[in-house]
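Colleague: quick check, what structure comes out for this input:
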Amino acid sequence: MPTTFLAAGEVAPAAGEKSDIVGTVFGRLTDIVGDLFTTQPLLATGMAVGLAGAGYMSVKTTLGSGRPTDGFADRKRLKKQMTRAPLIKKRKVLRPSLSDVPARKVPTSALGFYIGRDRKTGLHLYAAIEESSLMLAPMGAGKTAKLGNWLLDSVGAVLATSTKYDIVELTEALRARVGNILIWNPEGLADRPSTIAWDPVIGCSDPKHGIDRSKRRAKSLLEGSDFTKGMENRNFWTSSSYRVLKAFLWAADAEGLSLIDVARWSKQPHRYEAIEIFKKHADTAPRGWQDDLEQQQKVDGKATTLENVFGTLSQTFMFLDSPDIQQVILSAHRPDAQFDTEAYLRSRDTLYMLGSDSDVGGMGPLFTCLTSEVYAGARVMASRSPGGRLDPPMTFVLDEAALICSVPLQRWTADSRGIGITIHSVFQSPAQIYERYGKYAYQTIWDNCVKLILGGLSNDDHLESLSRLTGVKRVKQESRSESSSGGATSNRSSSFTWVEKPTMTISDIMYLDPGQILMFRKYLGGPVVATYTPVWDRKDVKNAAQDAERSARADLKARKRKLATVPETAGASPWLGAPGVEPQHEEPWAPPAPVAEASPRDADPAAGGWSTSAVPGPRDHLRVVPGVAVEPTASQPVPLPEKPAFEPTAHLVPEQPTPGEPAEKAEPEHLRDTGTAGPSKPSRRRRDADDLGAF
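Modeller: Predicted coordinates for the structure are as follows:
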């Protein structure tokens with residue numbers, strides 16, 4: 001370079017031109033490079049390629065590994081995978097009915113469920129309706145605040161399970177605007193009665209679908225049993241208990257019995273009532289099922305085998321010990337009370353399934369069976385729909401899935417993706433999934449779902465595993481050193497190195513703020529921490545609550561106005577129903593009127609000092625109401641009981657006729673005082689039945 005500049009400086013600029021040393025230098029370099037390519041083309045090409053590669057690596061090092069990174073998903077990938085734009089592009093696949101609708105008119109909630117707003121980029125993130133989610137939320141972490149949003153935003157039919165009633169209170173008002181509210185509450189939580197009734201036995205002997213229903217429902221009942229907790233691969237439906245139970249269900253329906261009878265058979269291994277039913281219906285019974293029963297009940301074998309088979313069944317039906325649940329099962333056999341699964345799936349109705357968490361005799365088998373029946377119906381309906389998927393999609397919100405609704409999620413989460421079914425399952429911790437489903441099924445469920453973590457987990461192993469899933473971040477770390485040269489002075493130096501640390505530590509995950517959710521999803525390159533609005537802070541929920549409050553106030557005012565209004569019918573009491581006024585009882589000793597004369601007080605109440613206003617006056621309780629005197633027939637007089645010398649009180653009972661009187665005599669007609677007996681001295685007695693004679 002110095003030589004080039006010297007050579008360029010020897011060239012004197014022409015008159016009137018400015019000196020351009022830089023241009024001359026680049027001109028000479030261009031000439032040198034050109035001569036090099038002319039004389040040594042291979043060498044020049046190799047040098048050019050080497051210089052270009054070195055420059056690329058230098059830039060990559062400077063801008064990539066040499067700069068700090070936070071480890072979270074970047075804006076580019078989030079925008080490509082989880083925002084509105086990619087969902088709109090997939091609407092022809094996700095919702096065939098919306099393929100011709102302009103993009104600007106398609107709501108995002110019709111194609112995906114809302115995750116939250118990314119804390120890093122501020123983007124609003126959605127997951128497609130074909131994806132399933134798994135939420136880990138300890139008690140009190142705010143899972144209901146998130147589940148309620150998904151339930152309200154669902155565009156099709158919804159099935160929601162829970163051990164608490166609050167999910168109904170938060171979402172019922174808005175869901176009622178788009179469809180019917182169905183309640184399945186066999187245990188009567190919050191004193192809310194069930195609006196549907198269902199018995200797994202009904203339909204099991206149907207000539208067309210009975211065999212499939214019996215097999216499917218027997219499997220579901222056993223899947224929900226506490227006896228099957230932790231079984232690897234969940235293959236217990238091939239066991240002897242499954243073969244016996246499916247035959248019991250078919251036999252009970254063929255004879256018009258209920259699940260209560262099936263439970264009774266399961267407690268009596270040597271009772272052969274089901275076998276006799278198969279013999280009775282030999283022409284229509286499934287082949288081989290009677291042999292299965294006889295092999296288990298009649299063939300001599302190990303006693304422990306028979307005890308294990310029927311022990312599993314009896315434990316499965318322990319929830320039927322409750323009389324309330326028995327009544328719900330029996331009510332399903334009314335023709336007008338049967339649950340129509342197909343009509344429900346075609347609607348936008350909401351089915352709330354409520355049950356308490358019970359270690360022994362829990363509702364798990366019954367809940368699992370009904371949920372599985374709905375899922376099976378959704379799969380059949382999807383196969384008949386355009387594109388092979390439900391449109392609008394079906395949504396399952398399974399809160400406390402391991403406790404009351406342990407459906408086979410390892411299969412559902414893989415199968416539901418392409419048929420228009422969205423599954424949201426909630427667990428308290430990974431250990432709960434492992435305990436319910438076993439090791440390998442737990443791994444399958446974990447891999448198939450979008451993983452959502454709320455704050456509050458405290459198990460070290462779980463938190464350490466989640467921390468490793470967040471990946472690493474690159475930070476610059478400074479190191480300092482100090483050395484002395486033997487004198488009074490010392491040398492200090494500092495250097496910087498790039499180190500990798502976990503993107504989120506154990507404490508970061510444990511102490512997530514309320515309203516924040518940690519998400520793991522494929523193709524994002526890192527975790528996401530998003531913020532969401534609790535369901536009770538949504539604007540539409542608040543408006544619905546205000547509307548309900550205004551409606552309640554209006555009803556209260558209407559009731560008050562109705563109570564204060566005087567009835568227009570003759571003889572009506574103006575204080576009927578007024579607060580603080582007790583209804584009066586008929587006085588049994590009131591004498592009949594001898595003649596039907598008009599009372600001056602009846603003709604003109606004001607003349608006697610009676611108040612005629614709508615509000616009772618100080619003497620209104622003494623007002624006499626006109627009546628009609630009914631005289632006893634001459635052929636058969638009706639004696640009246642004697643009036644006691646003392647003034648009777650309201651709680652006294654009239655004297656009964658003597659035993660010697662004829663039995664065919666009618667009871668005395670209690671007549672009202674018409675006011676013709678002459679003026680009476682005011683007394684301090686209570687208001688009597690004369691005040692309300694017209695009623």
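
Colleague: stretch 158-174: which residues count as buried?
Modeller: Across stretch 158-174, burial judged by 16 or more other Cβ atoms under 10 Å covers 158-163, 167-168, 170-174. Quick note: C-beta positions are derived from backbone N, CA and C, even for glycine.

Colleague: can you put the residues you listed in JSON lines and add secondary structure and pLDDT?
Modeller: Output for the buried residues of stretch 158-174, formatted as JSON lines (DSSP: H, G, I helix; E, B strand; the rest coil; pLDDT from 0 to 100):
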{"residue": "158", "secondary structure": "strand", "pLDDT": "97"}
{"residue": "159", "secondary structure": "strand", "pLDDT": "97"}
{"residue": "160", "secondary structure": "strand", "pLDDT": "97"}
{"residue": "161", "secondary structure": "strand", "pLDDT": "95"}
{"residue": "162", "secondary structure": "strand", "pLDDT": "94"}
{"residue": "163", "secondary structure": "coil", "pLDDT": "91"}
{"residue": "167", "secondary structure": "helix", "pLDDT": "94"}
{"residue": "168", "secondary structure": "helix", "pLDDT": "95"}
{"residue": "170", "secondary structure": "helix", "pLDDT": "93"}
{"residue": "171", "secondary structure": "helix", "pLDDT": "95"}
{"residue": "172", "secondary structure": "helix", "pLDDT": "94"}
{"residue": "173", "secondary structure": "helix", "pLDDT": "93"}
{"residue": "174", "secondary structure": "helix", "pLDDT": "95"}
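
Colleague: what's the closest of those residues to residue 429?
Modeller: residue 163 (15.9 Å; Cβ to Cβ).

Colleague: let me see the contact set for the closest one.
Modeller: 354, 355, 356, 357, 399, 400, 403, 404 (Cβ atoms under 8 Å, 6 or more residues apart in numbering).

Colleague: just the buried members of the residues you listed?
Modeller: Neighbour-count burial (16+ other Cβ under 10 Å) applied to those gives 354, 355, 399, 400, 403, 404.

Colleague: residue contacts, the last one?
Modeller: Looking back up the chat, that one is residue 404. Contacts for residue 404 (Cβ under 8 Å, 6+ apart) come out as 161, 163, 353, 355, 357, 362, 363, 364, 367.

Colleague: looking at those, which is nearest residue 551?
Modeller: residue 353 (27.8 Å).

Colleague: strands paired with the helix or strand that closest one falls within, and their directions?
Modeller: Assigned by DSSP states H and E, residue 353 belongs to strand 350-354. With DSSP bridges as the test, strand 350-354 is paired with strand 158-162 (parallel), strand 181-184 (parallel).

Colleague: buried set for stretch 435-448?
Modeller: 436, 437, 438, 441, 442, 444, 445, 446, 448.

Colleague: looking at the chain, which helix or strand is least sure?
Modeller: Here the helix or strand of the chain ranked lowest by mean pLDDT, DSSP states H and E is helix 600-603, holding a mean of 42.

Colleague: tell me the contacts of residue 195?
Modeller: Going by Cβ under 8 Å, 6+ apart, residue 195 touches 181, 182, 183.

Colleague: tell me the SS of it?
Modeller: When classified by DSSP: H, G, I helix; E, B strand; the rest coil, residue 195 comes out as coil.

Colleague: and the pLDDT for it?
Modeller: Residue 195 is assigned 92 on the pLDDT scale.

Colleague: go on, the one 10 residues further on?
Modeller: On the pLDDT scale, residue 205 is placed at 95.

Colleague: looking at the buried ones among the contacts of residue 163, which is nearest residue 134?
Modeller: Nearest to residue 134 out of the buried ones among the contacts of residue 163 is residue 399 (Cβ to Cβ; 12.3 Å).

Colleague: quick one: the closest one from residue 464, how far?
Modeller: 27 Å (Cβ to Cβ, to the nearest Å).

Colleague: so how far is stretch 436-446 off the chain centroid?
Modeller: 23 Å (Cα atoms, centre = their mean, to the nearest Å).

Colleague: and if you look at stretch 367-383?
Modeller: Computed by Cα atoms, centre = their mean, the chain-centroid distance of stretch 367-383 equals 17 Å.

Colleague: buried residues in it?
Modeller: Under the neighbour-count criterion of 16+ other Cβ under 10 Å, stretch 367-383 has 367-379, 381-382 buried.

Colleague: quick one: contacts for the closest residue to residue 277 other than its chain neighbours?
Modeller: In space, and not counting its chain neighbours, residue 277 is closest to residue 251: 4.2 Å by Cβ to Cβ, 6 or more residues apart in numbering. By Cβ under 8 Å, 6+ apart, the contact list for residue 251 reads 257, 273, 274, 277, 278.

Colleague: again, only this time at 7 Å
Modeller: Residues in contact with residue 251 (Cβ atoms under 7 Å, 6 or more residues apart in numbering) are 274, 277, 278.

Colleague: good, wrapping up.
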